[in-house]
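[1] got a predicted model here, sequence first, then my questions.
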Amino acid sequence: MADRKAFLLRVDPALLESLQRWAADDLRSLNAQIEFVLRRALQQAGRLPPAKGSEGG
């Protein structure tokens, strides 16, 4: 399993509630949903670093 870092995130309660509902709809934990949203945003912005062990080509 990949190493994980914990950090405090302050977020608007309405935003948190929306993320919790979305996570439940997708059968994910809230943490997994936040990672999913962040990863997708980074990918769309072209800022997602290459996956470990992947080789370009």
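    The structure has been received and is ready for your questions. Numbering: from 1, shown residues only.
[2] averaged pLDDT, the helix ranked longest in the chain. What do you get?
    If you go by DSSP state H, the chain has its longest helix at helix 30-44. Across helix 30-44, the average pLDDT comes to 95.
[3] and it, what other elements does it pack with?
    Applying 3 or more C-beta pairs under 8 Å, 6 or more residues apart in numbering; DSSP states H and E, one finds that helix 30-44 makes contact with helix 13-25. For glycine as for every other residue, the C-beta is placed from the backbone atoms N, C-alpha and C.
[4] how big is the angle separating the helix it packs on from helix 30-44?
    100 degrees (axes from the mean of the first three to the mean of the last three C-alpha atoms, to 10 degrees).
[5] packing partners of helix 13-25?
    helix 30-44.
[6] residues touching the helix it packs on, excluding its own?
    L9, L19, Q20, W22, A23, D26, R28, L48 (C-beta atoms under 8 Å, 6 or more residues apart in numbering).
[7] show me how far that helix is from its chain's centre.
    3 Å (C-alpha atoms, centre = their mean, to the nearest Å).
[8] in it, what's buried?
    Judged by neighbour count using 16 or more other C-beta atoms under 10 Å, the buried positions of helix 30-44 are Q33, I34.
[9] what of stretch 20-28?
    So for stretch 20-28, counting by 16+ other C-beta under 10 Å, buried means A23.
[10] okay, now K5: neighbour count?
    Counted by other C-beta atoms under 10 Å, the residues lying close to K5 total 4.
[11] got it, and D3?
    Around D3 there are 4 residues (other C-beta under 10 Å).
[12] what's the spacing between the residue nearest the centre of the chain and A6?
    Closest to where the C-alpha atoms of the chain average out (C-alpha atoms, centre = their mean) is E35, at 1.2 Å. Going from E35 to A6 by C-beta to C-beta, to the nearest Å gives 13 Å.
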